[in-house]
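Engineer: Next one to model:
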Amino acid sequence: MKKRYLLPNRWSLLAFGLLFGLSVGLGAAISLAHPAVAAPPPAPPEQVPSYAGSSACANCHKDIFENWTSTRHAQAFSSPIFQRNWDELSKQTACLQCHTTGFNSQDGTYAEVGVTCEACHGPFQPRHPAEPMARTPNAELCSTCHKTTTDEWRASPHQNAGVQCQACHNPHSQTPMADSITALCTNCHKEMGDSFTHSTHANAGLECSNCHMYTPPRTQSPIGGLVPTGHTFTVGSDACIGCHQETVHTRDELLKLGGIVLPTPEVNVENLKQEILNQEKTITNLQVSSQTRLYTGLIQGAIIGLVTGGAAAWIVGRRIRVIEEENNE
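Structural biologist: Sure, this is the predicted structure:
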């Protein structure tokens, strides 16, 4: 019987076919055990906030926008005072950090002139109004431009009590949160009006800020746009002198302001004349006594000088005589 042998290439094909079939079967089994799941759709691209401008806010917030247009924030760039100071400082771009919105310090560009809505609320959120433009106007935000004012506030009792800027200032209209300064202050300080000082000034038509936020009149342009604003709320002597230049140190005038009248004492002219004569006599006696003591001192000095001088001369003469007798011997 003849034996038949497989060639080597046939053994290779047979091994390949077996392994391929085994792999296909294993893959089918795995796919049946774990069915395919549809991949999630790609996420939409992130919407980056950008400055839309104050006119975009006016579409919905018309009343706030109209109140804002007449404020110093709205005129922070166009104000003649700023334009003059800016020209004097050779138009330094650093000033635009507080006088424009969206200022870019890298290239000196900005989104809008003035302090607009987005200067405090941040760039417009694409999902607004569904996503609110939440940003609270507190001292930390205000200090980015009003550093002098917030530094004064930090040294005041208001800071210790947690009274923030927006408790007194309407951030949109920049007006007090009351009809007047006094009405604003008395929301918390109700007991102050009972004292003499407060009631007297109130009757004269003064507001709380006239004394508690007094600042000396400015005679020159502010340095770098920074000026004191009186937000320490302390009353110093300069506040009193500002009005009472002639009477601030006069006790009688203060008593008159308080309604206190002192009786005028009766004066006896004869007693005053007699007192003057007695004082003149005393002065004359002191002058005579002073001269007598001078002469007495001179005489005493002369006597002491004679005695001590004579004693010294006798001792010296005696010593010389002794030395001469010794020399003779």
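Engineer: so where do the helices sit in the stretch 51-200 of the chain?
Structural biologist: Taking DSSP state H, counting those that start in this stretch as the test, the helices found in the stretch 51-200 of the chain are 54-58, 62-68, 80-88, 96-99, 117-121, 139-142, 147-154, 157-160, 181-185, 196-203.
Engineer: Give me the helices and strands touching the fifth one, please.
Structural biologist: In this case it means helix 117-121. Packed against helix 117-121 by the contact rule (3 or more CB pairs under 8 Å, 6 or more residues apart in numbering; DSSP states H and E) you find helix 54-58. Every C-beta, even on glycine, is put in place using the N, C-alpha and C of the backbone.
Engineer: if we go to 10 Å?
Structural biologist: helix 54-58, helix 62-68, strand 100-101, helix 139-142 (3 or more CB pairs under 10 Å, 6 or more residues apart in numbering; DSSP states H and E).
Engineer: ditto for the fourth one
Structural biologist: Helices and strands touching helix 96-99, by 3+ CB pairs under 10 Å, 6+ apart, are helix 80-88.
Engineer: Any regions of the protein where pLDDT drops low?
Structural biologist: 1-49, 136-137, 193-194, 221-225, 247-265, 321-322, 324-329 (pLDDT under 70).
Engineer: quick revisit: reformat the helices and strands packed on helix 117-121 as JSON lines; add distance to residue 115 and mean neighbour count.
Structural biologist: Converted to JSON lines, these look like this (distance: least, CB to CB, whole Å; neighbours: other CB atoms under 10 Å):
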{"stretch": "helix 54-58", "distance to residue 115": "10", "mean neighbour count": "16"}
{"stretch": "helix 62-68", "distance to residue 115": "9", "mean neighbour count": "15"}
{"stretch": "strand 100-101", "distance to residue 115": "7", "mean neighbour count": "22"}
{"stretch": "helix 139-142", "distance to residue 115": "11", "mean neighbour count": "17"}
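Engineer: right, and these - which one's nearest residue 172?
Structural biologist: helix 62-68 (5.0 Å; CB to CB).
Engineer: Tell me where the stretch 201-329 of the chain has helices.
Structural biologist: Going by DSSP H, counting those that start in this stretch, the stretch 201-329 of the chain shows helices at 208-212, 237-241, 251-257, 269-328.
Engineer: quick one, which of the ones you listed is nearest to residue 162?
Structural biologist: It is, among the helices of the stretch 201-329 of the chain and with distance given as CB to CB, helix 208-212, at 18.8 Å.
Engineer: Please state the offset of the closest one from the chain centre?
Structural biologist: Helix 208-212 has its average C-alpha position 18 Å from the chain's average C-alpha position, going by CA atoms, centre = their mean, to the nearest Å.
Engineer: can you list contacts of it?
Structural biologist: 156, 176, 180-186, 189, 192-193, 197-198, 201-202, 204, 230-236, 239-240, 242-243 (CB atoms under 10 Å, 6 or more residues apart in numbering).
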